[in-house]
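Trainee: Using only what follows, build the 3D model:
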Amino acid sequence: MTHDSMRRWQLLAIGLLIAWVAWLLGPVLMPFAIAAMLAYMGGPLTDRLVRLGMWRTLAVSIVFTVLLVLFVVALLVIIPLISRQVENLGDNLPRYYSWFQGTALPWLQHHLHLDTHLFDPDRLIDIVKSHIGSIGGVASAVLGKLSRSGMGIISWATNLVLIPVVAFYLMRDWDKMLAYIDRLLPRSIEPTVAYLARQSDEVLSAFVRGQLLVMLALGLFYGAALSLIGLSVGWLIGMVAGLLSFVPYLGFIIGFGAATIAVLVQYGDTTHLLLVVGAFLVGQLLEGYVLTPKLVGDKIGLHPVAVIFAVIAGGYIGGFLGILLALPAASVILVLLRYLVERYQHSELYTDPGAEDPVLEELEALEGADAAPADAPDSPTPAH
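Mentor: Below is the predicted model of the structure:
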């Protein structure tokens, strides 16, 4: 085995070991991942204050205080709003149920030829009663697990306390940690890793900061538009649609479906339905032609199918933490794939023309001979 081959195998082994340790520690990495995202968002402002001559700990304290104040203000605004919207939703549930029984269900039964007793309340109650034993068993098992895992509540509370503490220290020592990691890298790969890190930083900054602004802007737009239309739960539907917009078309589908049902129940006329359709069409145009190009740009370059696959795969592999990190990880993987493609296009495997294939030449000659009579012009008839 050559020296280069041994070095590659060593680097591969180190990378697999790091990935394996991260997978093992996945359940405890949640607060650190969220703290890293907060530190990453506050890092540029901290660096700007440091460049102005401010002591880094003071700069971090100022940025951290600003982020904390913004978070508290957002909670003071959002929690009462969500509370009122949930109350409106609860007040409208009887109306939704009557609309489903009197309008939606007969339409479905007529067009889909469903059994008229399929959604009969008495039948559903009988089904629940027949399975009440198994439901009770499941409930007792769940309650038993919750009682045995009381430490889980303590763990969540600890994580909530850890997030701001870890974020503060990450923001303060971010440059030192990066410099330490750079010193640990093998000198042979340090330039390549530094280049990929810069590219990944551009992609992640475009995603993390830009996509969050897009989600917030869409949530405010949808919420304001649906409230102006007159929906009593307009803000709740709008904010949910905006927050889910990081997955292509998911926020639009869920928001539009919920708003359509709400407007049909509350008004039941074509005018308000068309207003809802117009609001979501304007929202899609705003997202596609204004918000995403201006705030996110084209640096990420992830296809919508790739985004959906990344979110599903992240949730399957790492649960909520996987969903949280799916798109940033996919963006970094995209940077690595672009680099590998460039390396491949400069390699001998791609640029070597190779030797002529005699069999291929013979087949091409036969195809040319077969096509020649059909392509050749008609020969003149000899004169007599």
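
Trainee: domains of this structure?
Mentor: 28-121+158-184, 197-349 (automatic domain parsing).

Trainee: Deepest in the core, which of these is it.
Mentor: domain 197-349 (a mean of 17; mean count of other C-beta atoms under 10 Å). Using the backbone N, CA and C atoms, a C-beta is placed for each residue, glycine as well.

Trainee: Least confident of the domains of the chain, on average?
Mentor: For those, mean pLDDT drops lowest on domain 28-121+158-184, to a mean of 79.

Trainee: Quote the end-to-end distance of that one.
Mentor: Chord length of domain 28-121+158-184, first to last residue, is 25 Å (C-alpha to C-alpha, to the nearest Å).

Trainee: Distance from it to the middle of the chain?
Mentor: 13 Å (C-alpha atoms, centre = their mean, to the nearest Å).

Trainee: Next up, the contacts around residue 295.
Mentor: 209, 210, 211, 213, 214, 217 (C-beta atoms under 8 Å, 6 or more residues apart in numbering).

Trainee: Reduced to three states, what does the second one come out as?
Mentor: Classification of residue 210 into helix, strand or coil gives helix, according to DSSP: H, G, I helix; E, B strand; the rest coil.

Trainee: That one and residue 363: what is the separation?
Mentor: Distance of residue 210 to residue 363, computed by C-beta to C-beta, to the nearest Å: 53 Å.

Trainee: got it, and the first one?
Mentor: Residue 209 sits 56 Å away from residue 363, going by C-beta to C-beta.

Trainee: Could I get the contacts of residue 295 in JSON lines, plus columns for distance to residue 267?
Mentor: Shown next, in JSON lines, are the contacts of residue 295 (distance: C-beta to C-beta, whole Å):
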{"residue": "209", "distance to residue 267": "39"}
{"residue": "210", "distance to residue 267": "36"}
{"residue": "211", "distance to residue 267": "34"}
{"residue": "213", "distance to residue 267": "33"}
{"residue": "214", "distance to residue 267": "30"}
{"residue": "217", "distance to residue 267": "27"}
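
Trainee: for those, which one is nearest residue 245?
Mentor: Nearest to residue 245 out of the contacts of residue 295 is residue 214 (C-beta to C-beta; 6.7 Å).

Trainee: Could I get the contacting residues of the closest residue to the closest one other than its chain neighbours?
Mentor: Sequence neighbours aside, residue 291 is the residue nearest to residue 214 in space, at 4.7 Å (criterion: C-beta to C-beta, 6 or more residues apart in numbering). Neighbour list for residue 291: 213, 214, 217, 218 [criterion: C-beta under 8 Å, 6+ apart].

Trainee: what would those look like in a markdown table with secondary structure?
Mentor: Converted to a markdown table, these look like this (three-state DSSP):
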| residue | secondary structure |
| --- | --- |
| 213 | helix |
| 214 | helix |
| 217 | helix |
| 218 | helix |
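
Trainee: Helices along the stretch 51-200 of the chain, start to end?
Mentor: For the stretch 51-200 of the chain, the helices defined by DSSP state H, counting those that start in this stretch cover 56-99, 105-112, 121-130, 132-148, 151-184, 190-229.

Trainee: Can you say which of those is nearest to residue 24?
Mentor: Nearest to residue 24, of those and by C-beta to C-beta, is helix 151-184 at 17.0 Å.

Trainee: elements contacting that closest one?
Mentor: Secondary-structure packing of helix 151-184 (3 or more C-beta pairs under 8 Å, 6 or more residues apart in numbering; DSSP states H and E): helix 30-51, helix 56-99.

Trainee: Next, find the distance separating the residue nearest to residue 56 when sequence neighbours are not counted from residue 63.
Mentor: Spatial nearest neighbour of residue 56, chain neighbours left out: residue 50 (5.2 Å); criterion: C-beta to C-beta, 6+ apart. Remark: distance between residue 50 and residue 63 (C-beta to C-beta) = 10 Å.

Trainee: Repeat that for residue 340.
Mentor: To residue 63, residue 340 is 36 Å away according to C-beta to C-beta.

Trainee: now, which of the contacts of residue 295 sits nearest residue 103?
Mentor: residue 217 (34.5 Å).

Trainee: and the closest residue to that closest one other than its chain neighbours, helix, strand or coil?
Mentor: The shortest distance from residue 217 to any non-neighbouring residue, by C-beta to C-beta, 6+ apart, is to residue 291 (5.6 Å). The three-state label given to residue 291 by three-state DSSP is helix.

Trainee: Quick one: residues contacting residue 175.
Mentor: Residues near residue 175 by C-beta under 8 Å, 6+ apart: residue 47.

Trainee: I meant residue 260, not that one.
Mentor: 273, 276.

Trainee: separation between it and residue 335?
Mentor: 40 Å.

Trainee: do the same with residue 104
Mentor: Between residue 104 and residue 335 the computed distance is 47 Å (C-beta to C-beta).

Trainee: try residue 239
Mentor: Distance from residue 239 to residue 335, by C-beta to C-beta: 32 Å.

Trainee: State the distance from residue 217 to residue 190.
Mentor: Noted for residue 217: a distance of 40 Å to residue 190, by C-beta to C-beta.

Trainee: where exactly do the helices run in the stretch 251-384 of the chain?
Mentor: According to DSSP H, counting those that start in this stretch, the helices that the stretch 251-384 of the chain contains are 270-286, 304-345, 348-351, 358-375.
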